[in-house]
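1. Structure, please.
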Amino acid sequence: MTGQPRFCALFVALLATACAAFAAPPPAAEALVEKGHLTYGVAATFAPFEFKDNGQLTGFDIDMIQALGKKLGLEPAPMNMEFKGLIPALQGNRLDIINSAMYINPARAAQVDFVPYLKVGTQVVVVKGNPAKITGRDDSLCGKTIAVTLGGIQESYARADNERCTKAGKAEVKVMTMPTAQDSALTLRQGRADAIFDSTPGNVKLMTEMAGVFESTGAEFEANTQIGIALRKGDTAMRASLEAALKEIVADGTYAKLIAKWKFPASVGLLNN
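-> Residues are numbered from 1 along each chain as shown. Modelled structure (predicted):
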């Protein structure tokens, strides 16, 4: 008789531990690309969110999806591809989600749903000394060449600047699209572009790792732009699972630790405990 209460207490404790580990409800297995896995699309060319270091995927988003996977009891399975191919792959049911620092804008929101998790601004970056005398995201960009990632939000910013310049009767902005953010930075360093647009966290990383090569000019712009995990339109089960898991990593401090680990400014935090 004395053994039964102890057994029950142990069982309850084990059950509580299991529930704590997988409290967020995972989507139904049949709704996943692969049972037991969270298959996500990523374009690993956007440091410090997602990039390769010695051949290994790393970055804020990679750490975050690992934390979310643990909450959901699913093993994250990345599919690295070009950024422009992410939404078609999601719509074609090759992915469960897109986890690739995707900026939320009306054009994308018309194609996919989002679970926001950060808000990120953008800065103008030039080579040290600013030979083109660019003063920020203003008319000093008219007549200049801006290198941006093909299909990225910065391309839309640059094209909007070109439209603004030409409507004002000023010289056009030449928008040079590159496969990756690293290619854009290299193009700037080689003198083939006058400026690049980079996220504020990306700018911090660039200035840290290449001090004396680049500098930012002007104020941060579009500072309240949200980025989010993308999911198929109407996928309410996946949305509920991700939102619950995000809530848990905020509550247990993981979210704040990842922001600190990757040296993001505190202003990027969209979710509060």
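
2. Would you mind giving the secondary structure of the residue nearest the centre of the chain?
-> The C-alpha lying nearest the average C-alpha coordinate of the chain belongs to residue 101 (CA atoms, centre = their mean; 1.3 Å). At residue 101 the chain is in strand, as set by DSSP: H, G, I helix; E, B strand; the rest coil.

3. nearest residue to it other than its sequence neighbours?
-> If the residues on either side of it in the chain are set aside, residue 101 comes closest to residue 49, at 3.7 Å by CB to CB, 6 or more residues apart in numbering. Where you see a C-beta, it was placed from the backbone N, CA and C, and this is true even at glycine.

4. Do I have it right that that neighbour meets residue 100?
-> Yes: in this structure, residue 49 is within contact of residue 100 by CB atoms under 8 Å, at 7.5 Å.

5. Report how many residues lie close to residue 44.
-> 22 (other CB atoms under 10 Å).

6. so where do the strands sit in the stretch 151-273 of the chain?
-> 174-178, 195-199, 214-221, 226-231 (DSSP state E, counting those that start in this stretch).

7. what's the last one in contact with?
-> Outside strand 226-231, the residues within contact range by CB atoms under 8 Å, 6 or more residues apart in numbering are 86-87, 90, 96-99, 101-104, 108, 112-120, 238-239, 242, 270.

8. if you set the cut-off to 6 Å instead, what comes out?
-> 97-99, 101-104, 112-116, 118-120, 238, 242 (CB atoms under 6 Å, 6 or more residues apart in numbering).

9. Can you flag which of the residues you listed belong to helices?
-> Judged by DSSP state H, those include 238, 242 as members of helices.
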